[in-house]
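# Here is my input; please provide its structure:
(one chain, ligands or ions: 4)
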Amino acid sequence: MSSPMYRIGYALSSKDGQRFMQNSLINQAKQRGIDLIEIDPTKPLAQQGPFDCIIHKIYGSDWNNQVQQLSLHHPNVVVIDPPEAIDHLHSRASMLDVVTSLKIPQGNQTLGVPNQRVLEESENLVDSIDEIGFKFPFIAKQVSVDGSAKSHEMFLVFNENGLKKLKLKKPFVMQEFVNHGGVIFKVYVVGDHVKCVKRKSLPDISEGTLNSMAPEEGLLLFKQISNLIAKNDSSEVEGYISGVEKLVEAAEMPPSEFVTALANGLREAMGLRLFNFDLIRDSRDGNRYYVIDINYFPGFAKMPEYESVFVDFFCDVVEEKRRNVELEAKENQEVRGGEIEESKKLV
Ligand SMILES: Nc1ncnc2c1ncn2[C@@H]1O[C@H](COP(=O)(O)OP(=O)(O)OP(=O)(O)O)[C@@H](O)[C@H]1O
Ligand SMILES: O=P(O)(O)O[C@H]1[C@H](O)[C@@H](O)[C@H](OP(=O)(O)O)[C@@H](OP(=O)(O)O)[C@H]1O
Ligand SMILES: [Mg+2]
Ligand SMILES: [Mg+2]
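Ligands and ions are numbered 1, 2, ... in the order given. As a prediction, this is how the structure comes out:
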């Protein structure tokens, strides 16, 4: 008799679903007894399924309520991850707070986040950056992370001129630019699997070159630098970062024990199992690292061998669920056994 298939439901936007649900993943999962079933987030979740587990990345309170109700009425469905934990990553004003409170063994490495300050809707963008205690250059990032292209648009602001021209909808985060050698480390976390890769980033800006590197406007609009693939110098930012490929190639990876400890620390502190984070290394101190961004359910299909990593993860999840159900049944049996003994004594 063949063993039953485990049912993993996935609720993703159509773009994310197309990128993530490659045939290679679906087939590898099938071979290991896992069925991946599409959930339609516009229809009641309770009427779809049954599921052993669901994974999801859908924005909004309607969806969150549906998932919370499912957990309440069907506690045996493993929900990856809890909506309220995911919501913490939807604001750049607070997403990095968790990093500052992490207690991880760091060897020689030290960890931090760049200085940042939120410019609220009620505030005026001050003419002089000195008034708010910030140094140029800095990056202005929209506070809200909502999956839109706009939420990835940011400005590198070089000087007062750029500050005056900055037109970003408030509230936004002003975050100090940390020189990091033009390379970011993207660390993917899938349960206890951790994979670190190198990606392109913005080049260093020394005090001496601050003004000579600044575009005429005094600021530079960019988005998803790390995902820019073709270098055709068609946009200002592509011209600005031309040459960083060589830096990426030459860059040494951060120590793997440090990356793993950091990934596990973040996973536990945030209560999330599917995310990635961007790590940069200070150009002035090779042991100083900063986390600058954390993303829920990022473009995992770009992670090397993502199919086998996910199939292993799904198998771990259903195995854990199976053990819990068994344990629960055993506990119930013991309770019932105890009750029978008690009632015999009474007779
Ligand atoms: N404080 C900083 N110092 C130096 N470089 C930075 C800083 N913040 C962001 N960057 C650069 O800008 C890029 C985009 O910033 P960030 O990661 O915050 O944006 P994002 O749109 O949320 O990215 P993702 O596509 O990973 O979600 C980073 O990958 C890095 O290259
Ligand atoms: O589409 P939203 O919800 O904005 O999320 C993005 C993440 O913020 C990015 O981190 C993903 O790119 P990386 O996987 O390179 O980090 C990016 O991956 P993608 O470019 O493959 O879609 C997205 O998942
Ligand atoms: Mg990022
Ligand atoms: Mg991000």
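# Show me what from the chain comes close to ligand 3.
D278, D293 (CB under 5 Å from the ion). Backbone N, C-alpha and C define where each C-beta goes, glycine included.
# Helix or strand, whichever it is, which one in the chain has the lowest mean pLDDT?
Least confident helix or strand of the chain, by mean pLDDT, DSSP states H and E, is helix 210-213 with a mean of 84.
# what does that helix contact?
Applying CB atoms under 8 Å, 6 or more residues apart in numbering, the external contacts of helix 210-213 come out as F136, P137, F158, N159, I205.
# ditto for stretch 84-93
57, 59, 64, 94-95, 98, 118, 141-146, 171, 173, 270-272, 275, 294-296.
# Can you show me the CA trace of it as PDB?
In PDB, the C-alpha atoms belonging to stretch 84-93 read as follows (Å, rounded to 0.1, in the frame of the first residue of the first chain):
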ATOM      1  CA  GLU A  84       1.700  38.700  13.400                       C
ATOM      2  CA  ALA A  85       5.400  37.700  13.200                       C
ATOM      3  CA  ILE A  86       5.500  38.400   9.400                       C
ATOM      4  CA  ASP A  87       3.900  41.800  10.000                       C
ATOM      5  CA  HIS A  88       7.000  42.900  12.000                       C
ATOM      6  CA  LEU A  89       8.900  43.000   8.700                       C
ATOM      7  CA  HIS A  90       6.400  45.300   7.000                       C
ATOM      8  CA  SER A  91       7.900  48.400   8.600                       C
ATOM      9  CA  ARG A  92      11.400  49.600   8.000                       C
ATOM     10  CA  ALA A  93      11.000  51.800  11.100                       C
END
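# average pLDDT across it?
Mean pLDDT, computed over stretch 84-93, is 98.
# List the buried residues of it.
I86, H88, L89, H90, R92, A93 (16 or more other CB atoms under 10 Å).
# Could you export those as a markdown table, including distance to ligand 4 and secondary structure?
Shown next, in a markdown table, are the buried residues of stretch 84-93 (distance: CB to the ion, whole Å; DSSP: H, G, I helix; E, B strand; the rest coil):
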| residue | distance to ligand 4 | secondary structure |
| --- | --- | --- |
| I86 | 13 | helix |
| H88 | 13 | helix |
| L89 | 8 | helix |
| H90 | 10 | helix |
| R92 | 8 | coil |
| A93 | 14 | coil |
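# Nearest to V197 among these?
L89 (19.9 Å; CB to CB).
# is it true that E84 lies in a strand?
No: counting by DSSP: H, G, I helix; E, B strand; the rest coil, E84 falls outside a strand, being helix.
# on that earlier part again, mind listing which of the contacts of stretch 84-93 are in helices?
The members of the contacts of stretch 84-93 that map onto helices under DSSP state H are N64, V98, M270.
# so which of the residues you listed is the most crowded?
Within these, most neighbours by other CB atoms under 10 Å means M270, with 20 neighbours.
# Next, the contact list for F136, please.
Neighbours of F136 in contact, by CB under 8 Å, 6+ apart: I129, V157, F158, N159, L210.
# L202 too?
L156, F177, G182, F222, I225, Y240, I241, V244.
# Surely the second one is in contact with P203?
No: F177 lies out of contact with P203 (CB atoms under 8 Å); the separation is 10.7 Å.
# ok, so what distance separates the residue nearest the centre of the chain from G147?
Most central in the chain under CA atoms, centre = their mean is N295, positioned 2.0 Å from the mean C-alpha point. Using CB to CB, to the nearest Å, N295 is found at 10 Å from G147.
# ditto for L111
Taking CB to CB, one finds L111 at 28 Å from G147.
# got it, and G107?
36 Å.
# And these two? Which one has more around it.
Legend: neighbour count by other CB under 10 Å for G107 and G147, higher for G147 (16 against 11).
# Now do the contacts for that one.
With CB under 8 Å, 6+ apart, G147 has these contacts: S13, K57, Y59.
# List buried residues within those.
Among the contacts of G147, those buried by neighbour count (16+ other CB under 10 Å) are K57, Y59.
# any chance of the contacts of G147 in TSV, plus pLDDT and distance to ligand 1?
As requested, those are exported to TSV (pLDDT from 0 to 100; distance: CB to the nearest ligand atom, whole Å):
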residue	pLDDT	distance to ligand 1
S13	97	15
K57	98	13
Y59	97	14
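# quick check, nearest of the contacts of G147 to ligand 2?
Top of the list for closeness to ligand 2, among those and by CB to the nearest ligand atom, is K57 at 6.9 Å.
# and the gap between the residue lying closest to that closest one once chain neighbours are set aside and I39?
Computed as CB to CB, 6 or more residues apart in numbering, the closest residue to K57 that is not its neighbour in sequence is F297, at 4.0 Å. If you measure F297 against I39 using CB to CB, the figure is 14 Å.
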